[in-house]
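1. Build me a model from this:
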Amino acid sequence: MDTLINQLPCPILITDATGHILMTNTNLLQLVGGIAEQWKNKCLEDLLPPPSRIFLQTHIWPILYHETLVKEIHMQLYDSQKERVPVLVNCQRILRNGQESYFWVFFVAYERSQFEAELLKARSEAQQMSENLAQANAQLNILHKQLSLYTKEIEVENRELSEISQTDPLTGLANRRALEMTVADWQFQSKVATCASVLLIDADHFKRVNDEYGHNEGDRVLVELARQLQASIRLSDLVVRYGGEEFIIWLPSVDRTGAEFTAQRVHKHIRQVQVAGKPITVSIGVATSVNTLDPELLQELITHADKAVYQAKGEGRNRTIHFE
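-> Residues are numbered from 1 along each chain as shown. Okay, here's the model as predicted:
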């Protein structure tokens, strides 16, 4: 296997189901630097910039666990100089030495990006030539149609990728990437520091739902939770599926009092979600900041809200705790 993957003309690595690296080939090491032993047992995420890490966790792994295969996913890798390299990723779940492994193949996309730019440039030149060279009109029309079709395919792919990369596939809510982009955009547009709050919402005893009633029922509950959370917010707020049974509500320009009022609405709406005739409850951690121009605002709010959720769980669940 080592000899075979080293002969392949593209960066390749093999991981286990947790993302820890089992094997790398020569092409990958030439790209990211180091030696094979240095990377063995490290995490795949160590090779990725933050946006690609989020995309890996929220989209690629779920698809692999469900369908065993992903094709032509746009991501970025760090090279040996910590520069971001655009890549297309294919991954297949395989059995290797009797154990489940993941075979990752990366195609560096510099040439593809250059090729796309050249095609778009050629389209513009072809259109200009069609006006000046009547004798070449037939050939230029063919080229124009081909390039138009290619451009439309690119637009559709980019639009679909953008939608997928910012949406949780089960609930239809925004995901972590969308949250980061929304908060960054809000901070950019804010002229002065103001209040902002985050609600971190964790469904109580959700594991029991999956264990006792099955994952289909668990998925139904998550979808219902998402719907009730959406019904609890203002148009300017954002509900995000943060992971598993955890959700986040981003509350721009909302102080402590307003955040706690929203939390009360959440508890009220969530009581409408039931399993076997019993209502679901949630524990909510609330964090508020007035230093909203801080580039670490979102991470700080989430960290504080997570501590508050932990306290709410410890105090009996089905309650809201505001981080002090």
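
2. From now on I want contacts and neighbour counts done on CA atoms only, so please keep to that.
-> Fine.

3. all strands for the protein, in order.
-> 12-15, 21-24, 69-78, 84-96, 99-108, 196-203, 238-243, 246-252, 274-275, 278-279, 282-289, 320-322 (DSSP state E).

4. As TSV, these with distance to H304 and mean neighbour count would be great.
-> What follows is the strands of the chain, written out as TSV (distance: least, CA to CA, whole Å; neighbours: other CA atoms under 10 Å):
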stretch	distance to H304	mean neighbour count
strand 12-15	33	23
strand 21-24	32	20
strand 69-78	30	18
strand 84-96	31	17
strand 99-108	35	18
strand 196-203	9	27
strand 238-243	15	22
strand 246-252	13	23
strand 274-275	29	14
strand 278-279	27	10
strand 282-289	6	28
strand 320-322	9	22
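
5. R220: which of those is closest?
-> strand 274-275 (9.7 Å; CA to CA).

6. For that closest one, the averaged confidence score.
-> Averaged over strand 274-275, pLDDT sits at 94.

7. what residues are up against A174?
-> Contacts for A174 (CA atoms under 8 Å, 6 or more residues apart in numbering) come out as 166-168, 238-241.

8. is it in a bridge, and if so with what?
-> On the basis of DSSP bridges, A174 is bridged to T167, V240.

9. The residue nearest the centre of the chain and L297: what is the separation?
-> Centroid-nearest residue in the chain, with CA atoms, centre = their mean: F55, separated by 3.4 Å. The gap separating F55 from L297 is 21 Å, by CA to CA, to the nearest Å.

10. swap in H267?
-> 26 Å.

11. Q187 against L297, yeah?
-> No: the criterion here is CA atoms under 8 Å, and Q187 misses it with L297 at 9.1 Å.

12. List the contacts of the closest residue to R319 other than its chain neighbours.
-> In space, and not counting its chain neighbours, R319 is closest to S283: 5.2 Å by CA to CA, 6 or more residues apart in numbering. By CA under 8 Å, 6+ apart, the residues touching S283 are 201-204, 309, 312-313, 317-320.

13. Quick one: those as a markdown table, columns for pLDDT and distance to R123 too.
-> Formatted as a markdown table, the contacts of S283 follow (pLDDT from 0 to 100; distance: CA to CA, whole Å):
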| residue | pLDDT | distance to R123 |
| --- | --- | --- |
| I201 | 98 | 51 |
| D202 | 97 | 52 |
| A203 | 96 | 53 |
| D204 | 96 | 57 |
| V309 | 97 | 56 |
| A312 | 97 | 60 |
| K313 | 95 | 60 |
| R317 | 96 | 61 |
| N318 | 96 | 60 |
| R319 | 96 | 60 |
| T320 | 97 | 58 |
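
14. Give me the neighbour count for the closest residue to P9 other than its chain neighbours.
-> Of all residues not flanking P9 in the chain, N27 sits nearest, at 7.0 Å (CA to CA, 6+ apart). With neighbours defined by other CA atoms under 10 Å, the count for N27 comes to 19.
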